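In: Pasting the sequence and the predicted coordinates here, then a few questions.
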Number of protein chains: 2
Amino acid sequence: MTTESPTHVPTPDADLAMPAAATDEARTQRTRERLTELGAGLRAATGGRYGPVRDQARASLPATMMVRDPAQTVPEAREWTRRALRDVVETGQAGSGFPAAQGGLDDVGRSCVDFEMIAHGDLSLTVKNGVHFGLYGGAVTALGTPRHHEQFLPPLLSLEQIGCYAMTEFGHGSDVASLETTITYDKETDELVVHSPTPSATKTYIGAAAEDARMAAVYGQLVVDGTGHGVHVALVPVRDETGRPVPGVTLGDNGAKGGLDGVDNGTISFDQVRVPRSMLLDRYGGIDDDGTYVSDIESDSRRFFTMLGTLVRGRICVAAGAAASSRKALSIATRYAVRRRQFAAPDGADVVLLDYLTHQRKLIPAIATAYAHTFAVNEVVERLQELHELPQKDQEAQRELETRAAGLKALITAFTNDTVQVCREACGGAGYMAENGLTVLRGDADVFATFEGDNTVLLQLVAKGLLTGYKEMWGDMDTAAMVAAGARMLGQQVLEATSVRPLVDRLISAAARRSEDQTLLDRGWHLSMFTDRERHVLETLAGRLRKAQGDDAFATFNAAQDHVLLAARTHMDRVVLEAFVAGIDACEEGAVRETLERLCSLYALSSIEADAGWFQAHNRMSAARAKAVTAQINRLCGELRPVAVELVEGMGVPQTWLGSAMLEDVERWTPGAQEA
Amino acid sequence: MTTESPTHVPTPDADLAMPAAATDEARTQRTRERLTELGAGLRAATGGRYGPVRDQARASLPATMMVRDPAQTVPEAREWTRRALRDVVETGQAGSGFPAAQGGLDDVGRSCVDFEMIAHGDLSLTVKNGVHFGLYGGAVTALGTPRHHEQFLPPLLSLEQIGCYAMTEFGHGSDVASLETTITYDKETDELVVHSPTPSATKTYIGAAAEDARMAAVYGQLVVDGTGHGVHVALVPVRDETGRPVPGVTLGDNGAKGGLDGVDNGTISFDQVRVPRSMLLDRYGGIDDDGTYVSDIESDSRRFFTMLGTLVRGRICVAAGAAASSRKALSIATRYAVRRRQFAAPDGADVVLLDYLTHQRKLIPAIATAYAHTFAVNEVVERLQELHELPQKDQEAQRELETRAAGLKALITAFTNDTVQVCREACGGAGYMAENGLTVLRGDADVFATFEGDNTVLLQLVAKGLLTGYKEMWGDMDTAAMVAAGARMLGQQVLEATSVRPLVDRLISAAARRSEDQTLLDRGWHLSMFTDRERHVLETLAGRLRKAQGDDAFATFNAAQDHVLLAARTHMDRVVLEAFVAGIDACEEGAVRETLERLCSLYALSSIEADAGWFQAHNRMSAARAKAVTAQINRLCGELRPVAVELVEGMGVPQTWLGSAMLEDVERWTPGAQEA
């Protein structure tokens, strides 16, 4: 361990935050990629506050760093990833989220964008980077004190000391409060004893544990003087300078996985491993010099979930990374579909895959949803940084952000898994060849459904946040409390959540003055359908829990679980739509805005179509209207078809990052092809 | 090449077809697996005509042959698969479909079951086996004449001469009629000249081409005396005895894929390669001794699709293999879910994952669908053999079978891809570890959506078959013809398709005498909902095409494409439900039948729930009824929960074939666990 200055600390580059420089950068970028006017405009409109950072990443990250040879063996992939991580540090894309005192930019929002940009390339690199800087580094930063920052951040930033994040155990994944690892304070020696008491207490799936990690941020039950204080985090060296496990630490390799071949996930178990008391990350709770446990937060559970709450960035990063993955997959499949011919039209006309309605229905509504997610992710990333910049923490706003991050993570990762598979199939046999870029992406992105919280569990947390008005969200998954919360819930606060509320209210009330035969493209109608669906689902859920109060809490909660998930999902759908509306509102009139309006309508109508059963069953939509929605979706697909390539450009993944041989070797894959 | 008797021809074993022996076998099997009474009963009920064959496979195929180490590199996986293929031949599981004259059983139905049973294990082995015996062997058998059988089947059956099936080209996958490879007859030398005229004519994704194949069944445009006769198949040696490519043949390796690491897919291109005229597989069209083209079928297109029709077995095998994969994934996830604990119930009660409604909703309706597919696959496999045994070919029955095979393949492979992913996620991080059996399965099964026809194209063929009453199904995807067919269509013949029609009619008319408040479990109501949905969709499709006659055929067809897919899907849903009903009808009263009735209701209601929007929009279901359907699904999940392990046993995948470490190492993965 060293406290010397690291050699490769990224240099803050003030220019990057300046619009003028950014515009220059965007201009260079546009020339380099030869974007269409509309494509460039869409990219700018979806860039948000960090648009310039994104432009800079596109201009500076080389394709060699973004695309890994899919034929690599696991050892080769790990070695490639290890080197690429060093290259990332060289480019300065790694320090954004760290305190300025340690050479960072103190910009946690930007650190999410850094993660997202790398995710357009290789996900092993993204995750390897995310584990070290985001999870390990994030724990040291958020749960440690300046003392820890000074000691551990410099070697972290220079990659001298690779860290891992040892939370999950074989026995406990979602239920982190029940972890079995113990961190026991030994007053005699003023040390912490870290121990794995059972086989199921072994830490597992820990990124970097199998080969590279020297340090681990270990989650375990803190016991001081015989009393448990809930889960805390201690830094524990796991390998010595030569890379050998330290005494008492047993390290294993998780071996082959469904993807992420470049990440060395492994297991860790501890046999009475001793570290100094100072290794406890004690920002929220620690042991004073008298050997007494001290914390400003009385409840063990609340303290632990406050600690977890500071790590909200991880979920935002996963949401952003998954959104990037869906954009990449859609970029590959759409670029292929505008070239690939199968079957001739009866009159011999030039027909490519994307001219078929069935193919349009596979890709174009998904592109619309990907745009919606882009706006929603931008909003939450920017919100993260806004809250970070506040001089005083706003607890309610923080919890609302946590709710939204959990929900977006669940929503977007599920969409991404579906979409990558649709794209794979839309490219036929070519889609199954690793050299065309979709199968590795599919295998890698898959785990986002599990990382940083199982999607089903996260949606339950969202519902809990809604039911309690964000007051009790980070209590554990105590079903009785949730039932009680539902009983108290008033059903109003849920609609106060987004910044675009006045605009939304104006659009809705304009729509309400008209009858159902108004245009299907009326944004106010879309918003009122989304809002009404959410409100009704949540109110009936609260009523159901209220009625059942006093009954068996588990049985009540369990019977309502599908209702709980629906509440979370409809809430998040509304949040996403409003983010899209706010994004459009920030655009000037013109072709870009018109295109975004079409995409937004397509997104909204696709959601309404998917829930057509619900809307009719709840008398929110007539049978005729339900049929008209489907017809309108088909029309929108046809209208957007001619600008498919522009839509792809707007999604912001440079073609050189796609790593898709079939898009390069045009002669072989698409006889007689030309760009549509 | 040799015409000597092969050394490893499987010996036909008459005992296998005998019920008595089969019952003994089943009894042994049951003891070995220690099945529950209900589990054994469900397995017997889903076994069908080939139940004894399945029991024998379970008893005789060793786990070492069924489970591959997922950590293998591609070269290791290919070597493992090569050896396992030899082991399969040793067990005699490979010759069922070949003529008795060459030592086969002449049982094409059984050959599908052989494929299906291996698919419960490793899919690389399944596909490697299927390419050689099913595709290459099937082409020689079905498209060749006894002369070809005598010469090529013995070395094929002994694995002396590995074959591949060279149909797909880079430029043409779904549109096989437009393949660019040419097979030109040279009268001077009485030879065929096989040639790849363009880069896009290169054969690709060809299983066994990269390393093992000596022979290729090559699809190409036959040209005789300057006249094209459409696509025909010629046998072309591609490697010599030492394994080197023969002159004029260029072989490539497709490299890494999304799965099937053990299959050596590759590319083949031909530079004026000459073979004797006798190498043309000329059962449906050939060249006589005068050098004149002769065929009993006048239309090139009809002849080609007749040739393809004989290869219907491939699609049935893929449907069966995909169904087996979904059963395997559900077996793993369910066995995990009855042991794994996360979170405690408020009263400290013992709660495992499968006790949660959300978890039940993920797995139990999917199990019900997997049972439905099992019955539907059995039906089509048995029908294949029945038609094969007819002394005179029944052309209409054959086309109906082709329609059903195409539809089942599309339906089941899509379900399987979804389901394997759901199962992966339902096992959390453990599901992502290759050693637990789900990720390799996911990557391998994926390509079934593309193999043997893209699912979207296949569903269009199903619709075409329905619209034409199976009269013109295997014309090419000529959109004008399809529009015209729709215009002529009477809308009746569609409902004559299944063997269980009298029973279905009786159940429907009993249901029709009651009102909508009849029980949601009434099979007649389910059947009438499915039948009515299909009829309405098909009639309105025909009406739409009729109205549009004379307009631009492509535009008309294209605008109706989603309607076309819906027609195909609703038809197949009805076929599957009727297969389930027929399967139950064959059971005696008792616990097995009651369980199947519940599963069938769950399958039917899940389909109705998924289409709740359609049913309400078309006034087939009230709002109240739509809500009641969802509640009934939840109730059925709860009723089936206690017999989850029995349902898994009934799906017929022995636990030793699951290849899932977490099901073995119970202590580590499921602290305090016991079988539920």
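Out: Okay, I see it.

In: mind showing which ranges of the stretch 551-676 of chain A have poor pLDDT?
Out: Applying pLDDT under 70 to the stretch 551-676 of chain A picks out residues A:551, A:669-676.

In: Flag every residue of it that's near chain B.
Out: Residues of the stretch 551-676 of chain A found near chain B (Cβ under 8 Å from any Cβ of the partner chain) are A:552-554, A:558-559, A:561-562, A:565, A:609, A:611-619, A:623-624, A:626-627, A:630, A:634, A:667-671. In short, each C-beta sits where N, CA and C put it, glycine included.

In: Run a quick neighbour tally on the nearest residue to residue A:353 once chain neighbours are set aside.
Out: Sequence neighbours aside, residue A:337 is the residue nearest to residue A:353 in space, at 4.1 Å (criterion: Cβ to Cβ, 6 or more residues apart in numbering or on different chains). The local packing of residue A:337 (other Cβ atoms under 10 Å in any protein chain shown) involves 24 other residues.

In: Quick one: check stretch A:206-217 for contact with chain B.
Out: No. Between stretch A:206-217 and chain B, judged by Cβ under 8 Å from any Cβ, nothing touches; the nearest distance is 10.2 Å.

In: Residues in contact with that stretch: which ones?
Out: A:78, A:82, A:127-128, A:131-132, A:135-136, A:139-140, A:143, A:152, A:161-166, A:168, A:203, A:233-240, A:251-254, A:263-268, A:281 (Cβ atoms under 8 Å, 6 or more residues apart in numbering or on different chains).

In: Please apply the same query to stretch A:60-78.
Out: By Cβ under 8 Å, 6+ apart, stretch A:60-78 touches A:80-81, A:84, A:87-88, A:91, A:93, A:117-118, A:120-122, A:124-125, A:211, A:256, A:261-264, A:434-435, A:437, A:439-440, A:654, A:656-659, B:71, B:73-74, B:255-256.

In: ditto for stretch A:373-385
Out: Residues from elsewhere that reach stretch A:373-385, judged by Cβ under 8 Å, 6+ apart: A:46-50, A:107-110, A:112-113, A:116, A:312-313, A:316, A:319-320, A:323, A:326-327, A:401, A:404-405, A:408, A:411-412, A:415, A:499, A:575-576, A:579-580, A:582-583, A:651.

In: tell me the mean pLDDT over that stretch?
Out: Averaging pLDDT along stretch A:373-385 gives 97.

In: what comes up buried for that stretch?
Out: Residues of stretch A:373-385 classed as buried: A:373-385 (neighbour count, 16 or more other Cβ atoms under 10 Å in any protein chain shown).

In: can you dump the C-alpha coordinates of that stretch into PDB?
Out: Presented in PDB, the C-alpha positions along stretch A:373-385 are these (Å, rounded to 0.1, in the frame of the first residue of the first chain):
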ATOM      1  CA  HIS A 373     -34.700   5.400 -22.400                       C
ATOM      2  CA  THR A 374     -31.900   7.700 -23.500                       C
ATOM      3  CA  PHE A 375     -33.900  10.700 -22.200                       C
ATOM      4  CA  ALA A 376     -34.800   9.000 -19.000                       C
ATOM      5  CA  VAL A 377     -31.200   7.900 -18.300                       C
ATOM      6  CA  ASN A 378     -30.000  11.400 -19.000                       C
ATOM      7  CA  GLU A 379     -32.500  12.800 -16.600                       C
ATOM      8  CA  VAL A 380     -31.500  10.500 -13.700                       C
ATOM      9  CA  VAL A 381     -27.700  11.000 -14.400                       C
ATOM     10  CA  GLU A 382     -28.100  14.800 -14.400                       C
ATOM     11  CA  ARG A 383     -30.300  14.600 -11.200                       C
ATOM     12  CA  LEU A 384     -27.600  12.500  -9.500                       C
ATOM     13  CA  GLN A 385     -25.000  15.200 -10.100                       C
END
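
In: give the contact list for the closest residue to chain B within the stretch 351-500 of chain A.
Out: As assessed by Cβ to the nearest Cβ, chain B sits closest to residue A:439 within the stretch 351-500 of chain A, at 3.2 Å. Going by Cβ under 8 Å, 6+ apart, residue A:439 touches A:70, A:424, A:431, A:432, A:433, B:257, B:258, B:259, B:443, B:446.

In: ok, residue A:434 to residue A:71 distance?
Out: Per Cβ to Cβ, to the nearest Å, residue A:434 is found 7 Å from residue A:71.

In: Tell me which of these two has more neighbours.
Out: Neighbour count, other Cβ under 10 Å: between residue A:434 and residue A:71, residue A:434 has more, with 22 against 15.

In: Cross-check the contact I'm expecting between that one and residue A:440.
Out: Yes. Counting by Cβ atoms under 8 Å, residue A:440 is a contact partner of residue A:434 at 5.9 Å.

In: which ones are touching residue A:560?
Out: Taking Cβ under 8 Å, 6+ apart, one finds A:541, A:544, A:545, A:548 in contact with residue A:560.

In: between those, which is closest to residue A:639?
Out: Residue A:639 lies nearest to residue A:541 out of these, by Cβ to Cβ, at 37.6 Å.

In: Common neighbours of residue A:434 and residue A:71, please.
Out: Shared contacts of residue A:434 and residue A:71 (Cβ under 8 Å, 6+ apart): B:255, B:256.

In: these two touch, right, the residue nearest to residue A:353 and residue A:352?
Out: Yes. Counting by Cβ under 8 Å, residue A:352 is a contact partner of residue A:337 at 6.6 Å.
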